[in-house]
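> Using only what follows, build the 3D model:
(2 chains)
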Protein chains: 2
Amino acid sequence: MEVTRQNFKDSLSTVCSAIDEADFLAIDGEFSGISDGPNVSALTNGLDTPEERYTKLKKHSMDFLMFQFGLCTFKYDQTKSKYIIKPFNFYIFPKPFNRTSPDIKFICQSSSIDFLASQGFDFNKVFCHGIPYLNQEEEAQLREQTEERRNQQANGLGTPFISPSSSKIPAHVPDEQKDFINKVVEKVERLISNDEKTLDLEPCTGFQRKLIYQTLNWKFAKGLHVETLETEKKERYIQISKVDEEEKKKREQQKLEREQEELNDAVGFSRVIHAISKSGKLVVGHNMLLDVMHTVHQFYCALPQDLQDFKEVTMCVFPRLLDTKLMASTQPFKELITNTSLAELEKQLKESPFKPPQVETAEGFLSYDTAQEQLHEAGYDAYITGLCFISMANHLGSFLTPPKSFISARSKLIEPFFNKLFLMRIIDIPYLNVTGPDCE
Amino acid sequence: MEVTRQNFKDSLSTVCSAIDEADFLAIDGEFSGISDGPNVSALTNGLDTPEERYTKLKKHSMDFLMFQFGLCTFKYDQTKSKYIIKPFNFYIFPKPFNRTSPDIKFICQSSSIDFLASQGFDFNKVFCHGIPYLNQEEEAQLREQTEERRNQQANGLGTPFISPSSSKIPAHVPDEQKDFINKVVEKVERLISNDEKTLDLEPCTGFQRKLIYQTLNWKFAKGLHVETLETEKKERYIQISKVDEEEKKKREQQKLEREQEELNDAVGFSRVIHAISKSGKLVVGHNMLLDVMHTVHQFYCALPQDLQDFKEVTMCVFPRLLDTKLMASTQPFKELITNTSLAELEKQLKESPFKPPQVETAEGFLSYDTAQEQLHEAGYDAYITGLCFISMANHLGSFLTPPKSFISARSKLIEPFFNKLFLMRIIDIPYLNVTGPDCE
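Numbers count the residues shown, from 1 in each chain, chains lettered A, B, ... in the order given. Below you'll find the predicted structure:
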C-alpha cells in the first residue's frame, strides 16, 4: 500500500492493526544519499572499531533524508501454513508545520538520486505528498506551545490579535492607514446591517491586520468572530462572521479541536514508529544499521554522541532487531551462502538446501512478484528481507530431532541473532551488539 | 517550451537561434533552497558592505541547486510594433557522467521545496529528466581524458581491457575462475562456427571481465570485437561480435564518435549559457544577484573568493546585465512604484502612467497569460521580468522631446541601469556595480 500525506490519516488504523497482529515486521529505508564526506568504501574502513564506525556514519550520513520507509508485516496463518503479508510504502518529507517550526535542510547526493530515478522512483510523492514527522522533542515543544496558548485564552489573556478580551481602547491608527481602516469599518457596518453571514477582507499586511483586530474589538465588542485565514497562495486575510455568544464559543471549541488534529498530523509518520516500538515485535532488516540510525534520528531524537547511549535509545525504538545480512554471514549459513547482497540472498534462499517460504498477500494489498523484481522500492526490499528471514529461520529447524519445517519468530533458535547489526567490511568484528559489549 | 534531458539535444538549435535573433533576454532561476546558515533576513543584513554580502551569499547559498532555469527571448517586430517572445523552461540536474565524475551533493531546504510543491512544481522533471551540465574546468578535464585515451589507442598502447594489442600471453586464471572462463571460451568457439553475429555474455564481475578480455585476446587474436556494455539495471556484461578488420576499424571509429557525442551531452545545459555569453545580448533579471551567482557557480567556475574577481567572471558569462528590481527602485521609477516584488511590479507597470507592453508568443510556443499567474515557474518569471523591463524602458521615452513610445534594448536611455545588481535591504548602497567600484 502506498501511503502519502493524502491518505495517511485514513491508513493509520490499517497500519497499526497490521503491526499489532503481526508475528514479525520487516523494514527498509531509501535515502537521498549515503556519504557527504569520504566515499562509501572509505566510510566503511576495515579497521574501524564499532565506536569509530558509528561516529563516522553519524557525521557523514545523517544529513541525508530517509524519504521512503518500507514496512512489511508478516502474520503466520496456522490453517494455511503460510505467512500473510501486508506491505506498506511510506513517502516521507519534513514539511514545516508552521512559520515557527524548524526549516529542515537535507543533502541530496546526485548518484543516489540518479540511481533511484533509474529504478522509477517517484520524487513528487516525496516532495509534494510526503508525510511530515516530528521527533520526540519537537512533538513535546509543539504540545507545550499549544497548551500554553490554551491556558492563556482560558485565563482571558488571549493572543494579541485574536482574543475578544484584548484592549478595548481605540487603536492608534497612523495617518497613512486611516483611509484603509475606515473602509474596513464601513464594510463591517454594512455586514452587520445586511443578510450576509461572513465578510472576507482583501489580503493585507500583518500590521494592518493588527489594526483591524484592535479597531473591531473596540467598535464591535460583541456579535463578531474575527479570524485570520490563508488563501491558496498563502496570503493572509481576515474573515469576519456574525455570530451570537454561543456560536462564538462553539467556533472557538472547534478551533481547539482543529489545532489538536493539526498537531497529530504534524507528528505524522512518527506515529507509525511509535506503534512499532510499542508493539515490541521483532523487526527484521537487511544490513540495517543505517536504517536504524536514520529512523532514530528522524523520528525519535538527535543521535547521541556516545555509542552506548545510541544502543540504549535504539532499544527504546526497536526493542528486538534482527539483521538478515548478519544472519546470512553467520554459521550455519555462512558456508552455504556465497553472496549476501539482498537480491542474491533472496534467490539463493529459494534453492536447496533451503525451501522457498510460503507467503500470501493479504486481501486488499497489491502483491509483489519476486520474479519481477522491484528492488529498491522500500516496501519490496522489506518484503524480500522478510522472506530471507523466514527461509533461514526454517532452515534452523532442520537441525532439530525430529526436524521441524516451520520455526516461528518467537523460537529460541533465532535468539542468538537478536540485536546484532551487521558492520560492513569490518575485519574480525562482524556486528554491532545493541544489547551488550562489542567484540574487540 | 519545457526542456528536459529527453528533448534537450533536439531543442538546442531552437534555443540558440532564439538567443541569436533576440533584442534582449530575460532569465530567472528556481533553487532547492536559499540559506543554509542564518535565516534570510539575517543573511541580508542592512549594514553589509557589498563584499560582505557577496561572501555571505557565497558561503550560505551556493550549496543549493539551481534546478530550473527560465529563459525568455524578446525580439522586436517592427511591422507588428510588438515583441515576439520565446519562453523556455530548462530542468537541470547534475547527473554523474560516468563512474569517475564528481558526485555532486546539494542541499534542499524543506520550506523552499514545500513552497515550490504548493506551486505545482514537478520534481520528477528535475530528478529523473534534468539536463546535466559541466563547468569549464570539468569540461576541459573530460576532453583531456578523452583525448589522452585516443592518443594511447592511436599509439597502439590501448586501454588495458579493450585493445587488440594488449598482452598476447595467456591470462593467469585462478583455479576458482577456470570453470567460468572455460565455459566462455566454449561459447565463443560455438559463436565462431555458427551463423550468429553476436554473443551476449551474462553480467559478471570486473575481474571476470578482465580475464575474459585477456583470454579472448590470446586465443582469438583476429575477427572478434569485444565490448563491455551495460544492461538497463546498470549491470556490466560483455558482448562479442564477429567482424573482419575493416568492420572492426569502422566500429572503433563509431565508438570515438559516440564518445564525442556523450561528451557534448555531458556539457549539456552549460551550452545554453555559453550561447548566451557568446551572444553578448542584454540579459534582464529581477533581483538577480543569486541567479547570476548560481549560474556562474554551476556552469562556469567555482565562485572566486574576491568580489572583484567575481565581477570579472560575471562579465565573461553575462557581458550586459540589467536588474529590473534595481531599475524600479531608481529614479524616475522610485516615486511611481510602491512595491517592487516581481508580481506587483508587473501589475503596476500595466497601469498609468505606464503602458502595457505589446508582446506576442512566437508560433509553436505555449503562451503565458499574465491574468492566470504561473508565478515561480522560472520561464514565467523570466517572461514577466522582460515585460517589466519593456514598460520601464518605454516610459523613459516619454521624457524625450518629442516623446517616443518605443525604446529599444540598445537605447542610450537604459545604459545607466546596466550591470548594477540590486542588493536586498542594504541601506545607502542600493546595488552591486559589476563594471566599476561600489558605493561606500
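> is the helix or strand harbouring A:Ile390 anywhere near chain B?
Applying DSSP states H and E as the criterion places A:Ile390 in helix A:378-397. No - using C-beta under 8 Å from any C-beta of the partner chain, helix A:378-397 never reaches chain B; the gap is at least 14.3 Å. Where C-beta positions appear, they are placed from N, C-alpha and C, glycine not excepted.
> Which neighbouring elements make contact with that helix?
Contacts defined by 3 or more C-beta pairs under 8 Å, 6 or more residues apart in numbering or on different chains; DSSP states H and E place helix A:378-397 against strand A:24-31, strand A:66-77, strand A:82-91, strand A:282-285, helix A:324-328, helix A:342-348, strand A:359-361.
> is it possible to export the ones you listed to TSV including distance to B:Asp244?
Listed next are the helices and strands packed on helix A:378-397 as TSV, based on distance: least, C-beta to C-beta, whole Å:
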stretch	distance to B:Asp244
strand A:24-31	49
strand A:66-77	51
strand A:82-91	53
strand A:282-285	55
helix A:324-328	49
helix A:342-348	40
strand A:359-361	54
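> Minimum distance to B:Glu148: which of these has it?
Closest of those to B:Glu148 is strand A:24-31, at 35.8 Å (criterion: C-beta to C-beta).
> is the closest one anywhere near chain B?
No - in terms of C-beta under 8 Å from any C-beta, no part of strand A:24-31 sits within range of chain B; the closest distance is 12.5 Å.
> need the helices and strands packed on helix A:378-397 in CSV with distance to B:Pro437 and mean neighbour count, can you?
What follows is the helices and strands packed on helix A:378-397, written out as CSV (distance: least, C-beta to C-beta, whole Å; neighbours: other C-beta atoms under 10 Å in any protein chain shown):
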stretch, distance to B:Pro437, mean neighbour count
strand A:24-31, 48, 26
strand A:66-77, 47, 24
strand A:82-91, 52, 23
strand A:282-285, 61, 27
helix A:324-328, 62, 26
helix A:342-348, 61, 18
strand A:359-361, 71, 16
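> now these as JSON lines including mean pLDDT and distance to B:Gln348?
Output for these, formatted as JSON lines (pLDDT from 0 to 100; distance: least, C-beta to C-beta, whole Å):
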{"stretch": "strand A:24-31", "mean pLDDT": "98", "distance to B:Gln348": "46"}
{"stretch": "strand A:66-77", "mean pLDDT": "98", "distance to B:Gln348": "41"}
{"stretch": "strand A:82-91", "mean pLDDT": "97", "distance to B:Gln348": "41"}
{"stretch": "strand A:282-285", "mean pLDDT": "98", "distance to B:Gln348": "58"}
{"stretch": "helix A:324-328", "mean pLDDT": "96", "distance to B:Gln348": "63"}
{"stretch": "helix A:342-348", "mean pLDDT": "94", "distance to B:Gln348": "59"}
{"stretch": "strand A:359-361", "mean pLDDT": "95", "distance to B:Gln348": "60"}
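> Of the ones you listed, which is nearest B:Asp175?
helix A:342-348 (22.4 Å).
> Which neighbouring elements make contact with that closest one?
Counting by 3+ C-beta pairs under 8 Å, 6+ apart, helix A:342-348 packs on helix A:324-328, helix A:378-397.
> And it, how far out from the chain middle?
For helix A:342-348, the distance from its own C-alpha centre to the chain's C-alpha centre is 28 Å (C-alpha atoms, centre = their mean, to the nearest Å).
> Can you tell me the centre-most residue of chain A?
A:Phe269 (2.9 Å; C-alpha atoms, centre = their mean).
> doesn't A:Phe90 make contact with that one?
Yes - the criterion here is C-beta atoms under 8 Å, and A:Phe269 meets it with A:Phe90 at 5.9 Å.
> hey, what's in contact with both of these two?
Counting by C-beta atoms under 8 Å, 6 or more residues apart in numbering or on different chains, the common neighbours of A:Phe269 and A:Phe90 are A:69, A:131.
> What sits closest to A:Asp114 if chain neighbours are left out?
B:Lys95 (5.1 Å; C-beta to C-beta, 6 or more residues apart in numbering or on different chains).
> Looks to me like the one you found is in a strand.
No - with DSSP: H, G, I helix; E, B strand; the rest coil as the criterion, B:Lys95 is located in coil rather than a strand.
> any idea how far it is from B:Phe67?
Counting by C-beta to C-beta, to the nearest Å, the gap from B:Lys95 to B:Phe67 is 12 Å.
> Now for those two: what residues contact both?
By C-beta under 8 Å, 6+ apart, B:Lys95 and B:Phe67 have these common neighbours: B:Gly130.
> Would you mind naming what in chain A lies close to chain B?
A:32-33, A:36, A:39, A:65, A:93-96, A:103-111, A:113-114, A:116-118, A:121-124, A:126-128, A:234.
> if you look at the residues you listed, which of them are in strands?
Among the residues of chain A next to chain B, the ones falling in strands (DSSP state E) are A:105-109.
> Kindly check the end-to-end length of stretch A:240-247 for me.
13 Å (C-alpha to C-alpha, to the nearest Å).
> hmm, who's touching that stretch?
Looking at what lies outside stretch A:240-247 - C-beta under 8 Å, 6+ apart - the contacts are A:188, A:191-192, A:196-199, A:201, A:216, A:222-227, A:251.
> buried subset of these?
A:188, A:191, A:199, A:201, A:216, A:224-226 (16 or more other C-beta atoms under 10 Å in any protein chain shown).
> Which two of those residues have the greatest separation?
A:Leu201 and A:His225 (13.6 Å).
> Please pull out the lowest mean pLDDT helix or strand from chain A.
Counting by mean pLDDT, DSSP states H and E, chain A has its least confident helix or strand at helix A:40-43, which shows a mean of 75.
> Please export the C-alpha coordinates of that one as PDB.
Provided in PDB are the C-alpha atoms of helix A:40-43 (Å, rounded to 0.1, in the frame of the first residue of the first chain):
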ATOM      1  CA  VAL A  40      31.500   4.700   0.800                       C
ATOM      2  CA  SER A  41      34.500   2.400   0.900                       C
ATOM      3  CA  ALA A  42      36.500   4.900   2.900                       C
ATOM      4  CA  LEU A  43      33.500   5.400   5.200                       C
END
